[in-house]
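Undergrad: A structural model of the following input is requested.
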Amino acid sequence: MTTRGLRTTYVDRSSDILASVIVLNWNGERFLGACLDSLRRQTFTGLETILVDNGSTDGSVELVKRDFHDVKVVALDRNIGFSAGNNEGIRRARGRYVALMNNDAEADPHWIEEIVEALKNHPDILSRRSATKSRVRSLGPALGLRFIDAQCSRS
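TA: Predicted coordinates:
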């Protein structure tokens, strides 16, 4: 299957990888060290990290290949945008759970462990139905989130 001139790959999700984190990047070399180091410090085992690079020209891909051998790199030849870039990473993810992370963010060491535990304890949130605002709000405290009107922040 081909999407916008890109080869789409589907992967077997039956491995020992339980969670995948997709980091979308475009010319964010200055952020990647801190971001990927924070993912290395995760207490959760069975985690894969995938960097989707949207055609960077700042040395981002080279930095990751040199310093982060455990990160799977998907180097795109051009910037295909936020949604399409994340979708490329999701297609390659082997985890049962997939999290998206900005390249300028740093994760708490227990981030993935706590999210996976909350999702295991609340399997209904992963149903095929759309999550209503009230259902998402009910899961918020388990994920350490508090909601203020339409926005959420870490509590």
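Undergrad: ok, now how distant is Ala75 from Leu24?
TA: Applying C-beta to C-beta, to the nearest Å, the value for Ala75 to Leu24 is 12 Å. In this view, the C-beta of every residue, glycine as well, is placed from N, C-alpha and C.
Undergrad: neighbour count winner among these two?
TA: Leu24 (24 against 16; other C-beta atoms under 10 Å).
Undergrad: so that one is in which element?
TA: strand 19-25 (DSSP states H and E).
Undergrad: sec struct for Leu39, please.
TA: helix (DSSP: H, G, I helix; E, B strand; the rest coil).
Undergrad: now do Thr49
TA: strand.
Undergrad: quick one: it and Thr57, what's the gap?
TA: From Thr49 to Thr57 the distance is 22 Å (C-beta to C-beta).
Undergrad: who has more neighbours out of the two?
TA: Higher neighbour count among Thr49 and Thr57: Thr49, with 23 against 9, using other C-beta under 10 Å.
Undergrad: that one contacts Leu39, correct?
TA: Yes. Between Thr49 and Leu39 there is a contact at 5.0 Å, judged by C-beta atoms under 8 Å.
Undergrad: common neighbours of the two, please.
TA: Val21, Val23 (C-beta atoms under 8 Å, 6 or more residues apart in numbering).
Undergrad: which residues does Leu24 bridge with?
TA: Val52, Asn102 (DSSP bridges).
Undergrad: what's the domain layout of the chain?
TA: Domain ranges of the chain: 2-108, 122-155, per automatic domain parsing.
Undergrad: out of these, which gets the lowest mean score?
TA: With a mean of 50, domain 122-155 has the lowest mean pLDDT of those.
Undergrad: tell me the helices in the chain, going along the chain?
TA: Per DSSP state H, the chain carries helices over the ranges 29-40, 60-67, 82-92, 111-121, 133-139.
Undergrad: what's next to the longest one, contact-wise?
TA: If you take C-beta under 8 Å, 6+ apart as the criterion, helix 29-40 is touched by 21, 23, 25, 47, 49, 51, 56, 58-60, 63-64, 67-68, 70-71, 101-109.
Undergrad: between it and helix 60-67, how big is the angle?
TA: Put simply, helix 29-40 runs at 40 degrees to helix 60-67, going by axes from the mean of the first three to the mean of the last three C-alpha atoms, to 10 degrees.
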